[in-house]
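K.L.:
Fold the following, please.
(chains A, B, C and D)
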2 protein chains.
Amino acid sequence: MSTDADRLQELFRALGDATRRTILDLLAQHGPMTVTRLADHFPHLVRSGISKHLMELRRLQLVHDNKRGRERYYRINAETISQLLRPWVAKYEKYWDDRLHNLKQAAEEQANTKKEDRP
Amino acid sequence: MSTDADRLQELFRALGDATRRTILDLLAQHGPMTVTRLADHFPHLVRSGISKHLMELRRLQLVHDNKRGRERYYRINAETISQLLRPWVAKYEKYWDDRLHNLKQAAEEQANTKKEDRP
DNA sequence: AAAATATGTTACTATACAGTAATATATAAG
DNA sequence: CTTATATATTACTGTATAGTAACATATTTT
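P.N.:
This is a model prediction of the structure:
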């Protein structure tokens, strides 16, 4: 089945854009955000461009969204990154065992800065 | 220092191309290979194109090379992937602890298929 | 109802770049 | 020495796409 390979290809291509990665970073840091609030962090870009990026991220299931009135809140979907990208990285991992402990600690530190689902 | 962010950007961009990722896969599976042998796996592409990809991968230190007579053997440099991409993935990891064991086992299975440095 | 706010959609443009083709260089073979 | 092999380099072209601008839709406010 080539579906997983295709998704991985699209995932890498999508993450190759700095704006999209920054959007994911912002969603991870601040929790769910609207397009307008996200666009505030990109003064050199236009809102509709950010909206287009979110459409792409939504299509690849890198973000989820829930509409609340006339606002639409986007939240990160780390599940997709985990399931596709982590196995790919592990494939090339040589010194996995050596650094497993340090890695685990780093992940736990990050988990402490996690946010809730709705603002 | 923005150097790390820049390198990450270039890394993601480089990995966004399917041909380059396949080259890394081939080097991981078969061990060090020459341009010509790599190009054999891409019947629809021309050798000079593969050479250009290798130049890019070399620039980003995703591969190393050593010249042996008129042949030049490329080998994968997993170190770069580990140091840059793995922390990025870990940043978005939610269920790290839950799956740590399975992940470790997968990495060990991959390690069994490892090759030596020179053919 | 009308104005304002929040977001989505789409045609267009400019740019980056993957792939090609032609040329160059260096080593090995005959 | 001459020919063949292995690789690198570079100008060129076609294509994908990031960003923009203008317009459309839906919901809230006054």
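K.L.:
alpha carbons only for contacts and neighbour counts from here, please
P.N.:
OK.
K.L.:
Residues of chain A that sit close to DNA strand D?
P.N.:
A:13-14, A:17, A:19, A:44-49, A:52-53, A:68-70 (C-alpha under 7 Å from any atom of the strand).
K.L.:
Show me the two of those that sit farthest apart.
P.N.:
A:R13 and A:G69 (32.6 Å; C-alpha to C-alpha).
K.L.:
Name the residue in these two with the higher neighbour count.
P.N.:
A:R13 (17 against 6; other C-alpha atoms under 10 Å in any protein chain shown).
K.L.:
To which secondary structure element is that one assigned?
P.N.:
helix A:3-15 (DSSP states H and E).
K.L.:
What lies in contact with the helix or strand that that helix is followed by?
P.N.:
For helix A:3-15, the succeeding helix or strand toward the C-terminus, using DSSP H and E, is helix A:18-30. Outside helix A:18-30, the residues that touch it by C-alpha atoms under 8 Å, 6 or more residues apart in numbering or on different chains are A:14-15, A:33, A:38, A:53-54, A:57, A:74-76, A:113-115, B:9, B:92.
K.L.:
So helix A:18-30, near DNA strand C or not?
P.N.:
No. Judged by C-alpha under 7 Å from any atom of the strand, helix A:18-30 makes no contact with DNA strand C; its nearest approach is 11.2 Å.
K.L.:
Quick check: residues of chain A near DNA strand C?
P.N.:
When proximity is defined by C-alpha under 7 Å from any atom of the strand, chain A lies next to DNA strand C at A:34-37, A:48-49, A:51-52, A:54-55, A:70-73.
K.L.:
Helices - which of the residues you listed land there?
P.N.:
A:V35, A:T36, A:R37, A:S48, A:G49, A:S51, A:K52, A:L54, A:M55 (DSSP state H).
K.L.:
Generate TSV for the residues you listed, with pLDDT and neighbour count as supplementary columns.
P.N.:
Formatted as TSV, these follow (pLDDT from 0 to 100; neighbours: other C-alpha atoms under 10 Å in any protein chain shown):
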residue	pLDDT	neighbour count
A:V35	98	20
A:T36	98	15
A:R37	98	12
A:S48	98	12
A:G49	98	13
A:S51	98	16
A:K52	98	12
A:L54	98	21
A:M55	98	13
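K.L.:
For these, which two are the farthest from each other?
P.N.:
Farthest pair in these (C-alpha to C-alpha) is A:R37 and A:M55. Separation: 15.9 Å.
K.L.:
gap between the residue nearest to A:D17 when sequence neighbours are not counted and B:V89?
P.N.:
Of all residues not flanking A:D17 in the chain, B:R13 sits nearest, at 7.1 Å (C-alpha to C-alpha, 6 or more residues apart in numbering or on different chains). Distance, B:R13 to B:V89, using C-alpha to C-alpha, to the nearest Å: 16 Å.
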